[in-house]
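Colleague: Have a look at this fold, sequence not included:
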(Lines give C-alpha, C1' and ligand atoms only; values in the text may rest on other atoms or scores of the structure.)
Protein backbone atom coordinates (compact mmCIF):
# COMPACT_ATOMS: atom_id res chain seq x y z
CA UNK A 1 0.00 0.00 0.00
CA UNK A 2 1.37 3.40 -0.98
CA UNK A 3 1.15 6.63 0.93
CA UNK A 4 -1.21 8.98 -0.89
CA UNK A 5 -1.05 12.70 -0.23
CA UNK A 6 -2.54 15.86 -1.62
CA UNK A 7 -2.50 19.55 -0.77
CA UNK A 8 -4.73 22.43 -1.75
CA UNK A 9 -5.09 26.10 -0.85
CA UNK A 10 -7.85 28.63 -1.47
CA UNK A 11 -7.92 32.38 -0.94
CA UNK A 12 -11.37 32.17 0.65
CA UNK A 13 -14.32 34.51 0.23
CA UNK A 14 -12.98 37.63 2.01
CA UNK A 15 -9.23 38.05 1.50
CA UNK A 16 -7.78 39.44 -1.72
CA UNK A 17 -4.49 37.51 -1.47
CA UNK A 18 -3.35 34.16 -0.17
CA UNK A 19 -0.65 34.27 2.52
CA UNK A 20 -0.68 30.51 3.15
CA UNK A 21 1.93 28.14 1.75
CA UNK A 22 2.09 24.36 1.65
CA UNK A 23 4.06 21.51 0.13
CA UNK A 24 4.09 17.71 -0.03
CA UNK A 25 7.29 15.76 -0.65
CA UNK A 26 6.33 12.07 -0.85
CA UNK A 27 9.91 10.98 -1.55
CA UNK A 28 11.00 12.54 1.76
CA UNK A 29 7.73 11.68 3.49
CA UNK A 30 7.66 15.33 4.56
CA UNK A 31 4.56 17.53 4.52
CA UNK A 32 4.14 21.15 5.65
CA UNK A 33 1.62 24.01 5.93
CA UNK A 34 2.44 27.62 6.84
CA UNK A 35 0.13 30.60 7.44
CA UNK A 36 1.91 33.94 7.01
CA UNK A 37 1.25 37.31 8.58
CA UNK A 38 2.44 40.85 7.92
CA UNK A 39 1.62 43.76 5.61
CA UNK A 40 2.90 44.54 2.09
CA UNK A 41 2.69 40.86 1.06
CA UNK A 42 5.17 40.04 3.84
CA UNK A 43 2.99 37.21 5.13
CA UNK A 44 3.14 35.46 1.78
CA UNK A 45 6.91 35.88 1.71
CA UNK A 46 7.29 34.50 5.25
CA UNK A 47 5.14 31.42 4.67
CA UNK A 48 6.91 30.49 1.44
CA UNK A 49 10.29 31.14 3.03
CA UNK A 50 9.38 28.73 5.83
CA UNK A 51 8.29 25.98 3.44
CA UNK A 52 11.33 26.40 1.17
CA UNK A 53 13.85 26.53 4.02
CA UNK A 54 12.41 23.49 5.76
CA UNK A 55 12.29 21.54 2.52
CA UNK A 56 15.91 22.38 1.72
CA UNK A 57 17.04 21.19 5.14
CA UNK A 58 14.98 18.02 4.99
CA UNK A 59 16.50 17.15 1.63
CA UNK A 60 20.08 17.78 2.75
CA UNK A 61 19.68 16.05 6.12
CA UNK A 62 18.63 12.62 4.88
CA UNK A 63 22.08 11.38 5.91
CA UNK A 64 22.03 12.50 9.53
CA UNK A 65 25.74 11.80 10.03
CA UNK A 66 26.58 14.54 7.52
CA UNK A 67 24.40 17.24 9.10
CA UNK A 68 25.77 20.31 10.87
CA UNK A 69 23.21 20.66 13.66
CA UNK A 70 22.39 23.99 15.36
CA UNK A 71 24.64 24.65 18.35
CA UNK A 72 21.73 24.47 20.82
CA UNK A 73 20.39 21.17 19.45
CA UNK A 74 19.99 18.34 21.94
CA UNK A 75 21.99 15.50 20.36
CA UNK A 76 20.13 12.95 22.49
CA UNK A 77 16.87 13.54 20.63
CA UNK A 78 15.85 11.00 17.98
CA UNK A 79 17.11 12.00 14.54
CA UNK A 80 13.63 12.69 13.04
CA UNK A 81 12.84 15.09 15.89
CA UNK A 82 16.20 16.81 15.45
CA UNK A 83 15.51 17.23 11.75
CA UNK A 84 12.10 18.80 12.34
CA UNK A 85 13.32 21.10 15.10
CA UNK A 86 16.42 22.16 13.17
CA UNK A 87 14.38 22.86 10.03
CA UNK A 88 11.97 25.03 12.03
CA UNK A 89 14.79 26.91 13.73
CA UNK A 90 16.54 27.59 10.43
CA UNK A 91 13.31 28.88 8.89
CA UNK A 92 12.73 31.09 11.92
CA UNK A 93 16.21 32.59 11.69
CA UNK A 94 15.92 33.28 7.95
CA UNK A 95 12.53 34.96 8.31
CA UNK A 96 13.66 37.02 11.29
CA UNK A 97 16.84 38.21 9.56
CA UNK A 98 14.90 39.07 6.38
CA UNK A 99 12.39 41.12 8.37
CA UNK A 100 15.23 43.02 10.06
CA UNK A 101 17.00 43.80 6.79
CA UNK A 102 13.99 45.21 4.91
CA UNK A 103 11.62 47.73 6.47
CA UNK A 104 8.77 46.57 4.23
CA UNK A 105 9.07 43.11 5.76
CA UNK A 106 9.34 44.31 9.34
CA UNK A 107 7.19 42.22 11.67
CA UNK A 108 6.48 39.44 9.20
CA UNK A 109 6.11 35.92 10.50
CA UNK A 110 4.32 32.66 9.91
CA UNK A 111 2.87 29.65 11.64
CA UNK A 112 4.13 26.21 10.71
CA UNK A 113 2.89 22.66 11.07
CA UNK A 114 4.81 19.79 9.52
CA UNK A 115 4.89 16.00 9.50
CA UNK A 116 7.90 13.79 8.87
CA UNK A 117 7.17 10.06 8.59
CA UNK A 118 10.06 7.83 9.60
CA UNK A 119 10.10 4.09 10.34
CA UNK A 120 6.37 3.84 10.89
CA UNK A 121 6.09 6.92 13.08
CA UNK A 122 4.71 10.36 12.24
CA UNK A 123 6.71 13.16 13.83
CA UNK A 124 4.63 16.33 14.09
CA UNK A 125 6.28 19.71 14.58
CA UNK A 126 4.47 23.02 14.92
CA UNK A 127 4.69 26.68 15.84
CA UNK A 128 1.55 28.83 16.04
CA UNK A 129 -2.06 27.80 15.48
CA UNK A 130 -1.93 25.74 12.30
CA UNK A 131 -3.01 22.23 13.23
CA UNK A 132 -2.43 18.53 12.67
CA UNK A 133 -5.05 15.81 13.15
CA UNK A 134 -5.02 12.01 13.16
CA UNK A 135 -7.93 9.96 11.80
CA UNK A 136 -8.03 6.45 13.27
CA UNK A 137 -10.81 3.88 13.70
CA UNK A 138 -13.50 6.39 12.76
CA UNK A 139 -12.30 8.96 15.28
CA UNK A 140 -10.34 12.21 15.02
CA UNK A 141 -7.57 13.29 17.38
CA UNK A 142 -5.95 16.72 17.41
CA UNK A 143 -2.18 16.33 17.53
CA UNK A 144 -1.19 19.96 18.14
CA UNK A 145 -1.85 22.54 20.83
CA UNK A 146 -2.49 26.07 19.52
CA UNK A 147 0.10 28.66 20.50
CA UNK A 148 -2.55 31.36 20.82
CA UNK A 149 -3.81 33.87 23.35
CA UNK A 150 -7.27 32.29 23.27
CA UNK A 151 -5.87 28.85 24.06
CA UNK A 152 -3.96 30.34 26.99
CA UNK A 153 -7.20 31.90 28.26
CA UNK A 154 -8.98 28.54 27.99
CA UNK A 155 -6.26 26.76 29.96
CA UNK A 156 -6.36 29.48 32.61
CA UNK A 157 -10.12 29.07 32.97
CA UNK A 158 -10.77 32.59 31.69
CA UNK A 159 -12.69 31.49 28.61
CA UNK A 160 -14.91 28.59 27.59
CA UNK A 161 -14.06 26.59 24.48
CA UNK A 162 -17.42 27.40 22.89
CA UNK A 163 -16.71 31.14 23.30
CA UNK A 164 -13.35 31.05 21.54
CA UNK A 165 -14.46 31.64 17.95
CA UNK A 166 -16.43 34.74 18.95
CA UNK A 167 -13.61 36.35 20.91
CA UNK A 168 -12.11 39.54 19.36
CA UNK A 169 -8.57 38.28 20.04
CA UNK A 170 -9.06 34.86 18.46
CA UNK A 171 -6.40 35.51 15.81
CA UNK A 172 -3.63 36.52 18.23
CA UNK A 173 -0.89 33.89 18.34
CA UNK A 174 1.79 33.66 21.01
CA UNK A 175 4.47 31.94 18.95
CA UNK A 176 5.49 32.27 15.30
CA UNK A 177 8.43 31.71 13.01
CA UNK A 178 10.18 35.05 12.51
CA UNK A 179 8.96 36.79 15.66
CA UNK A 180 12.36 36.54 17.33
CA UNK A 181 15.86 35.19 16.81
CA UNK A 182 15.01 32.01 18.72
CA UNK A 183 11.91 29.85 18.62
CA UNK A 184 10.69 26.69 20.33
CA UNK A 185 9.30 24.04 18.01
CA UNK A 186 6.86 21.65 19.68
CA UNK A 187 7.23 18.07 18.46
CA UNK A 188 5.31 14.90 19.21
CA UNK A 189 5.52 11.40 17.77
CA UNK A 190 2.66 9.12 16.74
CA UNK A 191 3.24 5.45 15.84
CA UNK A 192 1.13 4.82 12.76
CA UNK A 193 -1.20 1.96 11.90
CA UNK A 194 -2.31 0.87 8.48
CA UNK A 195 -5.47 2.78 7.60
CA UNK A 196 -4.55 5.92 9.53
CA UNK A 197 -4.89 9.31 7.88
CA UNK A 198 -3.35 12.68 8.76
CA UNK A 199 -4.53 16.23 8.18
CA UNK A 200 -2.55 19.48 8.26
CA UNK A 201 -4.43 22.77 7.99
CA UNK A 202 -4.27 26.51 8.50
CA UNK A 203 -6.68 28.22 10.87
CA UNK A 204 -8.81 29.28 7.92
CA UNK A 205 -10.17 25.74 8.15
CA UNK A 206 -10.05 25.01 11.88
CA UNK A 207 -11.64 28.34 12.87
CA UNK A 208 -14.72 27.54 10.80
CA UNK A 209 -15.11 23.77 11.16
CA UNK A 210 -15.36 21.87 14.42
CA UNK A 211 -13.32 18.72 14.92
CA UNK A 212 -16.52 16.72 14.48
CA UNK A 213 -17.24 18.46 11.16
CA UNK A 214 -13.71 17.66 10.02
CA UNK A 215 -14.30 14.02 10.94
CA UNK A 216 -17.68 13.58 9.29
CA UNK A 217 -16.67 15.47 6.13
CA UNK A 218 -13.57 13.31 5.67
CA UNK A 219 -14.62 9.92 7.03
CA UNK A 220 -15.95 8.32 3.86
CA UNK A 221 -12.98 9.46 1.76
CA UNK A 222 -9.91 8.76 3.93
CA UNK A 223 -8.18 6.97 1.04
CA UNK A 224 -8.88 9.81 -1.40
CA UNK A 225 -6.90 12.85 -0.17
CA UNK A 226 -7.80 15.02 -3.16
CA UNK A 227 -11.51 14.58 -2.48
CA UNK A 228 -11.04 15.31 1.22
CA UNK A 229 -9.10 18.52 0.53
CA UNK A 230 -11.76 19.81 -1.85
CA UNK A 231 -14.65 18.92 0.46
CA UNK A 232 -13.06 20.64 3.45
CA UNK A 233 -12.23 23.80 1.50
CA UNK A 234 -15.72 23.93 0.00
CA UNK A 235 -17.30 23.62 3.45
CA UNK A 236 -15.07 26.36 4.90
CA UNK A 237 -16.09 28.67 2.06
CA UNK A 238 -19.75 27.78 2.55
CA UNK A 239 -19.33 28.89 6.16
CA UNK A 240 -18.01 32.29 5.10
CA UNK A 241 -14.45 31.68 3.92
CA UNK A 242 -13.21 34.50 6.15
CA UNK A 243 -9.56 33.53 5.75
CA UNK A 244 -7.25 31.67 3.40
CA UNK A 245 -7.85 27.92 3.68
CA UNK A 246 -5.06 25.39 3.25
CA UNK A 247 -5.27 21.63 3.65
CA UNK A 248 -2.76 18.79 3.28
CA UNK A 249 -4.12 15.25 3.64
CA UNK A 250 -2.09 12.04 3.92
CA UNK A 251 -3.84 8.69 3.65
CA UNK A 252 -3.50 4.94 3.07
CA UNK A 253 -0.50 4.47 5.30
CA UNK A 254 0.81 0.96 4.74
CA UNK A 255 3.71 -0.70 6.54
CA UNK A 256 5.66 -1.38 3.36
CA UNK A 257 6.05 2.34 2.64
CA UNK A 258 6.82 3.51 6.16
CA UNK A 259 10.53 3.38 5.47
CA UNK A 260 13.30 5.11 7.43
CA UNK A 261 14.64 8.49 6.31
CA UNK A 262 18.39 8.21 6.83
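Modeller: Perfect, thanks for sending it. Source: prediction; values computed, not measured.
Colleague: List the contacts of the nearest residue to residue 81 once chain neighbours are set aside.
Modeller: Nearest residue to residue 81, sequence neighbours excluded (C-beta to C-beta, 6 or more residues apart in numbering): residue 187, at 5.0 Å. All C-beta spots, glycine's among them, are computed from the backbone N, C-alpha and C. If a contact means C-beta atoms under 8 Å, 6 or more residues apart in numbering, then residue 187 has 81, 84-85, 123-125 as its contacts.
Colleague: centroid residue for the chain?
Modeller: For the chain, the residue nearest the mean C-alpha position is residue 113 (2.0 Å; C-alpha atoms, centre = their mean).
Colleague: can I assume it is in contact with residue 122?
Modeller: No - if you go by C-beta atoms under 8 Å, residue 113 and residue 122 don't touch, sitting 11.9 Å apart.
Colleague: Now rank the contacts of residue 187 by neighbours and give me the top one.
Modeller: Within the contacts of residue 187, most neighbours by other C-beta atoms under 10 Å means residue 84, with 31 neighbours.
Colleague: Enumerate every residue touching it.
Modeller: So residue 84 contacts 114, 116, 123, 125, 185, 187 (C-beta under 8 Å, 6+ apart).
Colleague: Give the buried residues for whichever strand or helix holds it.
Modeller: Per DSSP states H and E, residue 84 falls inside helix 79-101. By neighbour count on 16 or more other C-beta atoms under 10 Å, the buried set for helix 79-101 is 79-96, 98-99.
Colleague: Can I take it that residue 187 is in a strand?
Modeller: Yes - assessed with DSSP: H, G, I helix; E, B strand; the rest coil, residue 187 lies in a strand.
Colleague: Show me what it is bridged to.
Modeller: Beta-bridge partners recorded for residue 187 (DSSP bridges): residue 125.
Colleague: Look up how far residue 122 lies from it.
Modeller: 11 Å (C-beta to C-beta, to the nearest Å).
Colleague: For the stretch 101-250 of the chain, give me the ranges with low pLDDT.
Modeller: 158, 162-163, 168-169 (pLDDT under 70).
Colleague: where exactly do the helices run in it?
Modeller: With DSSP state H, counting those that start in this stretch as the criterion, the stretch 101-250 of the chain has helices at 149-155, 203-206, 211-218, 225-238.
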